[in-house]
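Peer 1: A structural model of the following input is requested.
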Amino acid sequence: MSKLLSDLGINPQLQQALTNLEISVATDIQEQVIPIILNKTEDIVALAKTGTGKTAAFGLPLLQLVNLKAETIQTVILSPTRELSQQIYNNLVGFAKHLPGVSIALLTGGSPIKSQIEELKSTTHIVVATPGRFLDLLEKNALDIKSLKNLVLDEADEMFQALKEDLMPILKAMPKNRRTLLFSATMPGELKEIVHNYMSKNVISVSSEMATLGHEGINHQYMVVDPIEKLDVLLHFLSTQEGGRGIIFCKTKAAVNKLAKNLAMRKISSGALHGSLSQGIRDRIMEQFRAGYIDILVATDLVARGIDVKELAYVVNYHLPDTYEAYVHRSGRTGRAGAKGLSMTILQPEEVGEIADFEKELGIKFIAANKATQEDIEWNNTLVWAKKVFKTKPNREVPEDIKHQIKTIFHHLTKEELVDKVLANYLAEKGTSTSSATAARQA
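Peer 2: Take a look at the predicted model:
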């Protein structure tokens, strides 16, 4: 039976904030990690998937341990993306609502470095940062980390895969007597070397039970398609998920832009997210997604790491990820907080053999799903066309006399007759064989 967070040694001020946030029951990783951080001094390696409450697991005890009499940076929390850093920062600020003396700074790219340098001249107890911006500030001597007590490496597997060049000099600059708390969904070989070289020999290892349970709510499926039909199959899949929100993952920024453009041309509610976009644009897209103004994000792996949106119905792997760790983080965006989720991977024939490797490495089972038939795809594309027409804004530049002449041509038709004629015209231009499609649907 899960414990209450109030039973783990959290002080009254933090408990009050948690009550306001309607958080009371500890997750498995919180139950294990919080007492260790509060009562021991050893380094920690914690394996836990996304959505298991890691931020509170390290954030609550580290907030409690802040020495308000010291005006130095006591904790540094590094995460791989601006979005994830922003999310951690917001959570810590919420937890610290009744700890007015605690000062927390967010240091990421996309914000003026001069204002961050000025901010650091005031008392700062906790820093939340991306490695690139942290290293920039370190090299400008804007950060005093001589008295650092705790270093948190969140989503460490992703950081060392994508940002190793920034992380290594940071690790070398850290005081030798600090405590390191490493949180990761997986433990690839390269990360094991970091643990061996930069963490104490008496490191405490923690593995959350939810790390394996995290897959139980997710239905892992794959479809095999030819390259030429990939977009059409995706569009049909999205039509089956209408009303639900999801993320489509692509390997590259160029692929994200191309797919997002294809969806936009069809008036499908979506937004693109990748590292080359300005922080302002990324923030705006994320806010629209969280608020429900757009239903689909098309994203690269790295920028999606900070997406913590409840009730995502599905994720789509439009391209198979390069690593098992990336698949863990992609699929972990859905099926959160006990909900059911779907992770759909769209494969080309030559990639099918890789599924067995993912199953073996991750301990999950993929189910082969039948792709849509050509007839179903044709009819779905017709529906996509109709919705596109419906969402198209009127062209105000058409002369009134031309509109009047067109209305005169159609004035004797009923709405049903007009729809029939417009649809027949669309199908004729597309060269769609309605007889074979209809027969297939009736079979």
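
Peer 1: what residues are up against residue 14?
Peer 2: For residue 14, the contacting residues are 60, 63, 64, 95, 96, 98, 99, by Cβ atoms under 8 Å, 6 or more residues apart in numbering. Heads up, the C-betas are built off the backbone N, CA and C, glycines and all.

Peer 1: Quick check: next helix or strand after the helix or strand containing the second one?
Peer 2: So that's residue 63. Here residue 63 sits within helix 54-64, counting by DSSP states H and E. Sequence-wise, the next helix or strand downstream of helix 54-64 (DSSP H and E) is strand 75-78.

Peer 1: Out of the helices and strands in this structure, which is least certain?
Peer 2: The weakest-scoring helix or strand in the chain, judged by mean pLDDT, DSSP states H and E, is helix 210-213 (a mean of 40).

Peer 1: Make a PyMOL selection of the buried ones in the contacts of residue 14.
Peer 2: To isolate the buried subset of the contacts of residue 14 in PyMOL, counting by 16 or more other Cβ atoms under 10 Å, use the following:
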select buried, resi 60+63+64+95+96+99
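
Peer 1: Which members of the contacts of residue 14 define the maximum pairwise distance?
Peer 2: Maximum pairwise distance among the contacts of residue 14 (Cβ to Cβ): 12.5 Å, between 60 and 98.

Peer 1: Find me the pLDDT at residue 15, would you?
Peer 2: At residue 15, the model reports a pLDDT of 93.

Peer 1: so where's the stretch 1-150 of the chain uncertain?
Peer 2: Within the stretch 1-150 of the chain, the set of residues satisfying pLDDT under 70 comprises 1-2, 50-51.

Peer 1: let's see it at 50
Peer 2: Low-confidence segments of the stretch 1-150 of the chain (pLDDT under 50): 1.

Peer 1: would you list every one of the helices in it?
Peer 2: Using DSSP state H, counting those that start in this stretch, the helices of the stretch 1-150 of the chain run over 12-20, 28-39, 54-64, 82-95, 113-119, 131-139.

Peer 1: Now those in a markdown table, please, with extra columns for distance to residue 285.
Peer 2: What follows is the helices of the stretch 1-150 of the chain, written out as a markdown table (distance: least, Cβ to Cβ, whole Å):
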| stretch | distance to residue 285 |
| --- | --- |
| helix 12-20 | 29 |
| helix 28-39 | 30 |
| helix 54-64 | 22 |
| helix 82-95 | 10 |
| helix 113-119 | 23 |
| helix 131-139 | 21 |
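
Peer 1: Of those, flag the one that's most buried.
Peer 2: Highest mean neighbour count among those (mean count of other Cβ atoms under 10 Å): helix 54-64, with a mean of 25.

Peer 1: what are the C-alpha coordinates of that one, in PDB please?
Peer 2: Extracted in PDB, the C-alpha atoms of helix 54-64 (Å, rounded to 0.1, in the frame of the first residue of the first chain):
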ATOM      1  CA  LYS A  54      10.500  12.100 -10.300                       C
ATOM      2  CA  THR A  55      10.500  15.900  -9.900                       C
ATOM      3  CA  ALA A  56       8.700  15.700  -6.500                       C
ATOM      4  CA  ALA A  57      11.000  12.800  -5.500                       C
ATOM      5  CA  PHE A  58      14.100  15.000  -5.700                       C
ATOM      6  CA  GLY A  59      12.500  18.400  -5.500                       C
ATOM      7  CA  LEU A  60      10.600  18.200  -2.200                       C
ATOM      8  CA  PRO A  61      13.600  17.000  -0.100                       C
ATOM      9  CA  LEU A  62      16.100  19.300  -1.800                       C
ATOM     10  CA  LEU A  63      13.800  22.300  -1.100                       C
ATOM     11  CA  GLN A  64      13.500  21.200   2.500                       C
END
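
Peer 1: Domain map for the protein?
Peer 2: The record's domain parsing of the chain by automatic domain parsing lists 5-212, 214-368, 393-442.

Peer 1: mind giving me a markdown table with those and columns for distance to residue 382?
Peer 2: Output for the domains of the chain, formatted as a markdown table (distance: least, Cβ to Cβ, whole Å):
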| stretch | distance to residue 382 |
| --- | --- |
| domain 5-212 | 37 |
| domain 214-368 | 11 |
| domain 393-442 | 7 |
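
Peer 1: Right, I'll leave it there.
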